[in-house]
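> Predicted model follows, preceded by the sequence.
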Amino acid sequence: MKYPGICLLALLLCAPVAAVAAQEQTEPGPVQLDVFHPDKDKSAKPSYGGRVIIHLATMPKHLQRATENSAVVDWMWDVIHDQLAFQNWETWKMDPRLATSWDTEDMVVLTPEGAKKYGASVVAVGDGERARKVIYGAVTETPEGYKLSAVSAGNPAGKDLAVAKADVTSLERGTVFTFHLRDGVKWHDGHAFDAWDVLFSWQVYQNPSVDCDQIRAYFTKIISGQVLDRLTVRFFYEEQYFLALQQVAEMPLLARHIYDLRDPDCAGFEKGKEWTAAELAERINSNPANNMWIGLGPYRVTKYEPTEYIEAERFDAYYDAANPLTSGYVDTIRWRYINDDEAAFQALLNGELDYFDRVKSEDYFGERTKQKAFTDDYYKGYFYTGQYGYTAWNLLRPKLQDKAVRQALACAFDMEGWKATKYKGLAKIVTGPQSYFSLGYDREVKPFPYDPGHAEELLAEAGWYDRDGDSIVDKDGISLDIEFLYPSGNDASRDFGIAYQEALGKIGVKLTLRNLEWATFLERVLDREFDSINLAWVPPLESDPGQLWLSEEGKPGVRSSNHSGVMDPKVDEIIHRGQRELDEQKRAEIWRELHRYLYDLQPYLFMINPPKKFAMNKAVRGQQSFMISPGYDPRRWYYPEGTPGTRPTRQRQ
């Protein structure tokens, strides 16, 4: 499930990468096969069967995506789950999946008096303060008002309905979506998938007790959902939104018969019982099925060893089994958990991994990838995605609230030197939150120059200087001692932390490095129990910055992706303006405005967009590199015809 397509940013560990000739997808279109494979010019006919083993740097808390906001779960969901529609790897357009098609309509919001004039054409949507009376359809503006024509079945507006401007509060374009679902789709346990599953999945985000604050805001933009019949479901957005279709089409779907205690097919169902929101949420937050995920994808989870690996096997009842690019060639995909990059590379050399994309620069260019133990069985390559590393400052901590302090922390580090040393100069220094390759990324914004002297001046102007002679600047009796938190086993974060520690020491700032196991680390991040954290985001081709920067996401107690706790009215105004803008070029300029403002604000030390460097088993063919994260699709990998243990057809004996 490509959450970059849905524009949900996902957390990722940083890893340094570098290379000599990048494999880049810079525009929509077909992507070459096996570009770096030594036998790329030799034909290899696909066969079915076999197993591939993919390295996993962090073991997620569980596999239920609504409450686990990690990139690795996104990547696994690409093969163990499915969605209403998805952003095609190569065309970048939305293609049908669980939905065979959908209707998109505009919504006219009526005044209270206007709502009385149009009879059965009027529909009530939303609750409480968001309740409104609307008419929807294909809307054309006229001198007198609006002309509507129903597009979807069940729309009561009919044809050629005229609505006067005086009766209208607002026109919201592209806000009503009616999805027509495939018949015969099965969950991995054999239960039928239907429109009630889709509606329930949206309702999950409306329950404040469900632990999904990191992505809740995207689905609370939808103010009403309704099942029209077993295979038809409709959603109304509160207002026009540039990512509305992608967002709802790629919404994480949960099986109602597993997660909804109100469903008679659910194991915990009690007839006549009224469940509280907290009880319903607990069923979602702590369900054992969160590990042994029951999904809708071409592969189903069959083994979950939390300290070792997660394994998925071909799901023979997958609805699109005849299409190998969707249903996959190999029978088994295993994600092998090794949280130490050095140990993972050694496992690769030992033949225990087929794909590893955290190869260090010194290994990629050094002797380890030239030695026989590597070249006999593996080849190397790399590609770019929109991934960027960052160090987030907790703006709720008094010592980090002054913008001048954060700017000083940026000026104190030689990012150009770091790029040259760790990335052979080929990575890109980023200065903003959109993908480096997107229209909304402002290339005119230049990084703060490396200037320790200016950094000291900024600190002094903010009242931080060494009063007690201990070589650490202080203010109001407090030393500027910053804890730098990073996940265990992440050599990239550790190496950067050591270099940053040395750089900050020169301007009188003490950086204390601390690493934590991933699950503990993530809890500290979500609870904002840190001074600074080092991670990476994996943005899509265009992302909604609201997840990271809106004030409502930054409030104390909200476990969101606004790690820094940014609460800035100017930021809110820019984001809300951009979210409503449907014109791509105009919206890109709004995102560039936000880029400029945020870089000056410095809630992050924006760092590096690296090429993603990988090693792959020569026996596996079909590798392609995409701009959409994670940049590869294991469903397209295969063993050539004649490989022992494979067969010419999908059907297993």
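Ah, there it is.

> okay, stretch 167-176 in PDB with CA atoms only?
Extracted C-alpha coordinates of stretch 167-176, given in PDB (Å, rounded to 0.1, in the frame of the first residue of the first chain):
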ATOM      1  CA  ASP A 167     -29.100  30.100  -1.700                       C
ATOM      2  CA  VAL A 168     -25.500  29.000  -1.600                       C
ATOM      3  CA  THR A 169     -22.900  29.300   1.100                       C
ATOM      4  CA  SER A 170     -20.000  27.700  -0.800                       C
ATOM      5  CA  LEU A 171     -19.200  25.500  -3.800                       C
ATOM      6  CA  GLU A 172     -16.800  22.700  -3.000                       C
ATOM      7  CA  ARG A 173     -15.300  21.100  -6.000                       C
ATOM      8  CA  GLY A 174     -14.500  17.300  -6.200                       C
ATOM      9  CA  THR A 175     -15.800  16.500  -2.700                       C
ATOM     10  CA  VAL A 176     -18.200  13.600  -3.200                       C
END
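
> Could you measure from the nearest residue to Leu231 once chain neighbours are set aside over to Pro452?
For Leu231, ignoring the flanking residues on the chain, the nearest one in space by Cβ to Cβ, 6 or more residues apart in numbering is Leu181 at 4.3 Å. Every residue, glycine included, has its C-beta placed from N, CA and C. Between Leu181 and Pro452 the distance, using Cβ to Cβ, to the nearest Å, works out to 60 Å.

> Between the two, which is the more surrounded one?
Leu181 (23 against 16; other Cβ atoms under 10 Å).

> So for the helix or strand where Glu416 lies, mean pLDDT?
Following DSSP states H and E, one finds Glu416 within helix 415-423. If you average the pLDDT over helix 415-423, you get 92.

> For that helix, buried residues please.
Neighbour counts over helix 415-423 (16 or more other Cβ atoms under 10 Å) mark 415, 418-419, 422-423 as buried.

> do the same with stretch 544-558
Buried residues in stretch 544-558, defined by neighbour count with 16+ other Cβ under 10 Å: 544-551, 553-554, 558.

> Count residues in the vicinity of Asp363, would you?
Under the criterion other Cβ under 10 Å, the count of neighbours that Asp363 has is 20.

> what about it, helix or strand, and which?
With secondary structure defined by DSSP H and E, Asp363 is part of helix 361-364.

> tell me which residues in the helix or strand just after that helix are buried?
Remark: after helix 361-364, the chain's next helix or strand is helix 372-375, criterion DSSP H and E. Residues of helix 372-375 classed as buried by neighbour count (16+ other Cβ under 10 Å): Phe374.

> which residues touch helix 372-375?
Outside helix 372-375, the residues that touch it by Cβ atoms under 8 Å, 6 or more residues apart in numbering are 348-349, 368-369, 615.

> Any chance of a markdown table for these, columns distance to Glu144, neighbour count and pLDDT?
As requested, the contacts of helix 372-375 are exported to a markdown table (distance: Cβ to Cβ, whole Å; neighbours: other Cβ atoms under 10 Å; pLDDT from 0 to 100):
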| residue | distance to Glu144 | neighbour count | pLDDT |
| --- | --- | --- | --- |
| Leu348 | 69 | 27 | 97 |
| Leu349 | 74 | 17 | 96 |
| Arg368 | 74 | 18 | 94 |
| Thr369 | 71 | 22 | 96 |
| Ala615 | 66 | 27 | 98 |
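
> Can you tell me which of these comes closest to Leu228?
Ala615 (49.8 Å; Cβ to Cβ).

> For whichever strand or helix holds the closest one, which strands pair with it and how are they oriented?
Assessed by DSSP H and E, Ala615 sits inside strand 611-617. According to DSSP bridges, the neighbouring strands of strand 611-617, each with its direction, are strand 355-356 (antiparallel), strand 378-384 (antiparallel).

> closest one to Asp600 among those?
Judged by Cβ to Cβ, the one of the strands paired with strand 611-617 that comes nearest to Asp600 is strand 378-384, at 26.5 Å.

> for whichever helix or strand comes after the closest one, the distance to its chain's centre please.
Next in sequence after strand 378-384, counting helices and strands by DSSP H and E, comes strand 388-393. Centroid displacement of strand 388-393 relative to its chain, using Cα atoms, centre = their mean, to the nearest Å, is 16 Å.

> same check, this time on stretch 467-477
The answer for stretch 467-477 is 41 Å, by Cα atoms, centre = their mean.

> what's the first-to-last distance across that stretch?
Between the start and the finish of stretch 467-477 there is a gap of 9 Å, counting by Cα to Cα, to the nearest Å.

> And for stretch 408-422?
Stretch 408-422 stretches 23 Å from its first residue to its last (Cα to Cα).

> wait, doesn't Gly440 sit right on Lys586?
No. Here Gly440 does not reach Lys586: they are 10.9 Å apart, not a contact under Cβ atoms under 8 Å.

> So which of the two has more stuff around it?
Applying other Cβ under 10 Å to Gly440 and Lys586 shows that Gly440 carries more neighbours, namely 24 against 11.

> Quick check: which element contains that one?
Assigned by DSSP H and E, Gly440 falls outside every helix and strand.

> likewise the one 10 residues further on?
Applying DSSP H and E as the criterion places Tyr450 outside every helix and strand.

> ok, the spatially closest residue to it that is not a sequence neighbour to Phe530 distance?
The spatially closest residue to Tyr450, leaving aside those adjacent along the chain, is Asp414, at 4.2 Å (Cβ to Cβ, 6+ apart). Counting by Cβ to Cβ, the gap between Asp414 and Phe530 amounts to 24 Å.

> coming back round to it: please list all residues in contact with the residue nearest to Leu231.
If a contact means Cβ under 8 Å, 6+ apart, then Leu181 has 84, 98-100, 193-195, 198, 231-233 as its contacts.
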